[in-house]
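Peer 1: can't give you the sequence, but here's the structure:
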């Protein structure tokens, strides 16, 4: 039973490694394509897709190098993700943007971590993409904690906010 478990562990590590490599290949192709595009909106769309692929690749990289191949250490992952997105949008952490994280030492199973990480990637990317235009002293805060088997995620920025459109005050939420 121990030998079978060890073999299964090796196979899972190999699977994570292959998925990570395939995603890095896709990311490289998207990167090459974005350099060939002259339309800025098309380039932006390709770069957003690349960012999503990179976020998923990072999960599999963390699973591959970890001793526990079924759980993601969220603190390590989120900090690396923020750093990657910061760099992608041309910011320098602690120079161009003030980033605050308060992430509990939580390990999540991959089947829960992957969709949560995609959501976190989207929210942080949107902050960089929309909130920080024409903002001096940009700031981003990410908090993740767990209480009574419930995850609490908070991502906030000091961006300009969403401008209300005509009739928005009458819409039900």
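Peer 2: All right, it came through fine. Since the structure is predicted, the reported quantities are computational estimates derived from the model, not experimental observations.
Peer 1: give me the most central residue, this structure.
Peer 2: residue 121 (3.0 Å; C-alpha atoms, centre = their mean).
Peer 1: tell me how far residue 33 lies from residue 127.
Peer 2: Distance, residue 33 to residue 127, by C-beta to C-beta, to the nearest Å: 25 Å. In short, each C-beta sits where N, CA and C put it, glycine included.
Peer 1: okay, these two: which has more neighbours?
Peer 2: For residue 33 versus residue 127, neighbours defined as other C-beta atoms under 10 Å are more numerous around residue 127 (23 against 15).
Peer 1: over to the more buried one: give its phi and psi.
Peer 2: phi -60, psi -50 (degrees, to the nearest 10).
Peer 1: where is the longest helix in the chain?
Peer 2: helix 2-36 (DSSP state H).
Peer 1: list the buried residues for that one?
Peer 2: For helix 2-36, the neighbour count (16 or more other C-beta atoms under 10 Å) marks 16, 19, 20, 23, 26, 27, 30, 34 as buried.
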